[in-house]
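Participant: give me a model of this one.
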Amino acid sequence: MNDTGEHDDTAPAPGDLEMLQRFLNLHTHDADDRSIPLPTEMLRAFLVGRGLITEKERFTEADRETALRLAQAFRALIRTNEDEPLGEDEVRVIDDASERAGLHPHFAYGDPVLVPARGGTAGAFGELVAIAFLARFDGTWEHLKECANDDCRATFFDRSKNHSGKWCSMESCGNRAKVRAWRERQRAVR
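Facilitator: Now for the predicted structure:
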C-alpha cells in the first residue's frame, strides 16, 4: 500500500476506471466481505489526491461510512461478472449516491459523460458511480475482478486473453496460491 492506503500491486485499469479500481483497493475486507474501517483522513487524502474534492472541503465520519457502503456495493457489482446476483441493498446504495450527486448526461466534450450537479463528497461519490455506469456500457467493467486470494481480495483488471485471471498479481498472490497448492499436494502424497 502507498501513503494513501491504495493497494498498488495491481496493474491499473484503463482510463477513468483506474480511479474506481484504486478507490476499491483502499478498502480491506474480512472473510465475510465486511469492510475493515479505514481512517477518515486516508479516504479524504485519496479524494483530494484524485481531484474529487478540494483540500478545503469537509470529509466527515458520515462521508467515510458512505464511502465504505459504496465500496461494498461496487464490489458486489463486480461479482455480477461472475454471475452473482446484485442485492437490493447494493442497488440502493449506488442509486442513492447517483441521486445525491445529481448525475446528468453531458455531451459537450465529444463522448457522452455523466457529470455530477453537486460538488463535495456527494459529487465525488457521484463521479465514481458515473465511472462504473459508463464502464458497464463500454465493456470494460466485465474485466474487473476480485483477487481470489482471501487475504488480499484487491480489485484488478483482468487483461488475460480469455478473461480467466484469478489474482491481482501473479508475482504475489498467484505465486502464493501455487505454492499453497503444491504443499497441499505434497501432504496428500505422504
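Participant: for Lys145, what are phi and psi?
Facilitator: The phi/psi pair for Lys145 (degrees, to the nearest 10) reads phi -140, psi 160.
Participant: now do the contacts for the residue most central in space within the chain.
Facilitator: When Cα atoms, centre = their mean is applied to the chain, the residue found nearest the centroid is Leu24 (2.8 Å). Listed by Cβ atoms under 8 Å, 6 or more residues apart in numbering, the contact set of Leu24 reads Ala71, Phe74, Arg75, Ile78, Thr155. For glycine as for every other residue, the C-beta is placed from the backbone atoms N, C-alpha and C.
Participant: could you do Leu17 as well?
Facilitator: For Leu17, the residues meeting the contact criterion (Cβ under 8 Å, 6+ apart) are Ile131, Ala135, Thr140, Trp141, Leu144, Phe157.
Participant: now do it against Asp89, distance only.
Facilitator: From Leu17 across to Asp89, the span is 24 Å (Cβ to Cβ, to the nearest Å).
Participant: same check, this time on Gly49
Facilitator: For Gly49, the distance to Asp89 equals 29 Å [Cβ to Cβ].
Participant: hang on, the earlier thing: how about the nearest residue to the residue nearest to the centre of the chain, chain neighbours excluded?
Facilitator: Thr155 (4.2 Å; Cβ to Cβ, 6 or more residues apart in numbering).
Participant: give me the number of residues near the one you found?
Facilitator: Other residues within reach of Thr155 by the criterion other Cβ atoms under 10 Å amount to 24.
Participant: ok, Arg50 next?
Facilitator: 17.
Participant: skip the chain neighbours and tell me the closest residue to it.
Facilitator: Excluding its sequence neighbours, the residue lying closest to Arg50 (Cβ to Cβ, 6+ apart) is Met19, at 5.7 Å.
Participant: that neighbour sits in which helix or strand?
Facilitator: Per DSSP states H and E, Met19 falls inside helix 17-24.
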